[in-house]
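Chemist: Predicted model and sequence follow; I will ask about them next.
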Amino acid sequence: MSPWSWFLLPTLCFLPTGADPRRGAPASASCELKPQQSELNSFLWTIKRDPPSYFFGTIHVPYTRVWDFIPDNSKEAFQQSSIVYFELDLTDPYTISALTSCQMLPQGENLQDVLPRDIYCRLKRHLEYVKLMMPSWMTPDQHGKGLYADYLFNAIAGNWERKRPIWVMLMVNSLTEVDIKSRGVPVLDLYLAQEAERLRKQTGAVEKVEEQCHPLNGLNFSQVIFALNQTLLQQESLRAGSLQIPYTTEDLIKHYNCGDLSSVIFSHDSSQVPNFINATLPPQERVTAQEIDSYFRQELIYKRNERMGKRVKALLEEFPDKGFFFAFGAGHFMGNNTVLDVLRREGYEVEHAPAGRTINKEKSQTPSLGPTFSSIFAPEVPAVDMRAPEAAFVAHSLFLPHESPPGSADLGGGAEPKYRKKRRRPRPQRRHRLRQFSDLWVRLEERNEEPLEAGSRHPMCCGIVSWSHSSRSPFWIGPSPPSCSSFTVGIPTTASW
């Protein structure tokens, strides 16, 4: 999977709860030697005031892959801050329902009604391939926790025929072996949100779901078809072994852990859409790719940075006696026109906080009666029942109550609420499990669509898809004809692995 896929897509090796974050990790994702605290890379910025507030840059990967490389002063800033803010409210059920609605085609429409026939057939064939391969992609740890391939496939790709093509494109980008192996570990953003709830911190979001979702639906039809076609071509080439992705998730983790603050790779993670520009495209297609890149850079980076920065400013002014911890994607703090630039233009002094620098204590805050620093930040999450399909995407199943933020009575409604406030509510019983959010775009509802089966016939695709085992290695996938003729895919036997 590419590192820029939508929102919180965990992409790396699945690790059981409490495992060493780097055990079994590819060498490329870890620094050669674990550095001293003062040598660690820091994605922490201090907003200088009394009490201080902080910006912290995250990446959308399993937290176990980066936690040991996050400096202690970043963790201490999180602990000391009384209010924690994210891009979106990661634990609000409304987030899921709103994103589900945003993804769906208008009532009564299906993908086969809107996609060109050849692209629809290629998409269906690719999903059949993924479903067939998924059992072999899963790790023994995942199987041991009761996570089954069919459940996982349905959780990610269920109801795919009702999704808008742009969301299907993002879904296809996430259906790779390395992504599947990571399912079950919270990404860094979600882990911080869970910790904030566990510590009974006040939490909130600076964006609405619609503000992140609608720009994707704003592409015109020809651009969407181009993007989906390019994504399928990429996946077909990857399966055939004729293509390597320039930026992998392993690269992203290495940059985050090992100190290369490259705005290019982190901007991909924050915009969360692939870059289709490459030198092999014909001139007209290159123009289309550049238009898409420019559109998303403007809508998903620059406009969001401006909006997020202004809302941060409003919060700081509304609550001058509170310490905030703003955890946003690292790409929002790098390059040009960043969130930091917005605050500086408004007169705030914002400076980078290197690893090893002492975090000032908040003068305006009473001491916390919660767990100690060491117990708060042990990289563990509660055990989870992996038998339910949605359990692959959550770290725990119980919501903790929120405290109402100061002045929240004045902040309900309006076009740009400063807080999305939550009422204190009792813990739900486990039999009434509330679905939580880890991979934001994933639909986690019951599905009634026709299941994908190898060897199945679809009325729109004129051939029968057949799967055959072969001793060849690596596996071979036949070319995709323009007219949905039948084809055969060779899958390696166990002897050929």
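Modeler: Cool, got the structure.
Chemist: which ones are touching residue 358?
Modeler: residue 73 (Cβ atoms under 8 Å, 6 or more residues apart in numbering). For every residue, glycine as well, the C-beta is placed using N, CA and C.
Chemist: what bits of the stretch 101-250 of the chain have low per-residue confidence?
Modeler: The model of the stretch 101-250 of the chain has pLDDT under 70 over residues 243-247.
Chemist: That one: helices as residue ranges?
Modeler: With DSSP state H, counting those that start in this stretch as the criterion, the stretch 101-250 of the chain has helices at 111-114, 117-137, 140-144, 149-157, 165-174, 177-180, 188-198, 209-217, 221-240, 249-258.
Chemist: List the neighbours of the first one that are in contact with it.
Modeler: Contacts of helix 111-114 from elsewhere in the structure, counted by Cβ under 8 Å, 6+ apart, are 105, 120, 123, 160-163, 165, 168, 221, 460.
Chemist: May I see the buried residues of it?
Modeler: Residues of helix 111-114 classed as buried: 111-112 (neighbour count, 16 or more other Cβ atoms under 10 Å).
Chemist: What is the neighbour count of residue 347?
Modeler: Using other Cβ atoms under 10 Å, residue 347 is surrounded by 7 other residues.
Chemist: picking that back up, ok, which of the helices of the stretch 101-250 of the chain comes nearest residue 68?
Modeler: Comparing those against residue 68 with Cβ to Cβ, the closest turns out to be helix 249-258 (8.4 Å).
Chemist: Could you list every helix and strand in contact with that closest one?
Modeler: Judged by 3 or more Cβ pairs under 8 Å, 6 or more residues apart in numbering; DSSP states H and E, helix 249-258 is in contact with helix 263-271.
Chemist: helix or strand right after the helix it packs on?
Modeler: helix 283-296 (DSSP states H and E).
Chemist: what is the mean pLDDT for the next helix or strand after that next one?
Modeler: Next in sequence after helix 283-296, counting helices and strands by DSSP H and E, comes helix 303-318. Averaging pLDDT along helix 303-318 yields 97.
Chemist: Give me the buried positions along helix 303-318.
Modeler: Within helix 303-318, the residues that count as buried by 16+ other Cβ under 10 Å are 304-313, 315-316.
Chemist: Quick check: the farthest pair among those?
Modeler: 304 and 316 (18.4 Å).
Chemist: can I see the domain layout of this protein?
Modeler: What the record gives for the chain is the domain set 27-452, 455-497, from automatic domain parsing.
Chemist: ok, back up a step: got the contacts of helix 111-114 as TSV, with neighbour count and distance to residue 343 columns?
Modeler: Shown next, in TSV, are those (neighbours: other Cβ atoms under 10 Å; distance: Cβ to Cβ, whole Å):
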residue	neighbour count	distance to residue 343
105	16	39
120	22	46
123	26	43
160	21	41
161	21	44
162	20	41
163	22	37
165	21	37
168	23	37
221	9	38
460	15	52
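Chemist: got those residues as a markdown table, with distance to residue 92 columns?
Modeler: Below are these laid out as a markdown table (distance: Cβ to Cβ, whole Å):
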| residue | distance to residue 92 |
| --- | --- |
| 105 | 25 |
| 120 | 34 |
| 123 | 31 |
| 160 | 25 |
| 161 | 28 |
| 162 | 23 |
| 163 | 22 |
| 165 | 27 |
| 168 | 25 |
| 221 | 32 |
| 460 | 38 |
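Chemist: Can you tell me which of these is closest to residue 325?
Modeler: Checking the contacts of helix 111-114 one by one against residue 325 (Cβ to Cβ), the nearest turns out to be residue 163, at 34.3 Å.
Chemist: That closest one reaches residue 101, doesn't it?
Modeler: No: taking Cβ atoms under 8 Å as the definition, residue 163 is not a contact partner of residue 101, at 11.4 Å.
Chemist: check contacts around the nearest residue to residue 43 once chain neighbours are set aside.
Modeler: Distances taken as Cβ to Cβ, 6 or more residues apart in numbering put residue 57 closest to residue 43, at 3.4 Å, once the chain neighbours are dropped. Listed by Cβ under 8 Å, 6+ apart, the contact set of residue 57 reads 43-44, 266, 328-334.
Chemist: Would you report the backbone torsion angles of residue 57?
Modeler: Note on residue 57: backbone dihedrals following degrees, to the nearest 10 are phi -90, psi 130.
Chemist: ok, now residue 105?
Modeler: Main-chain torsions, residue 105, degrees, to the nearest 10: phi -70, psi 160.
Chemist: cool, residue 325 as well?
Modeler: phi -130, psi 110.
Chemist: For it, which non-adjacent residue is closest in space?
Modeler: According to Cβ to Cβ, 6+ apart, the nearest residue to residue 325 is residue 81 (3.6 Å).
Chemist: Tell me the pLDDT of the one you found.
Modeler: What the model reports for residue 81 is a pLDDT of 96.
Chemist: Report how many residues lie close to residue 242.
Modeler: 8.
Chemist: brain fart, residue 102
Modeler: 17.
Chemist: Alright, that wraps it up for me.
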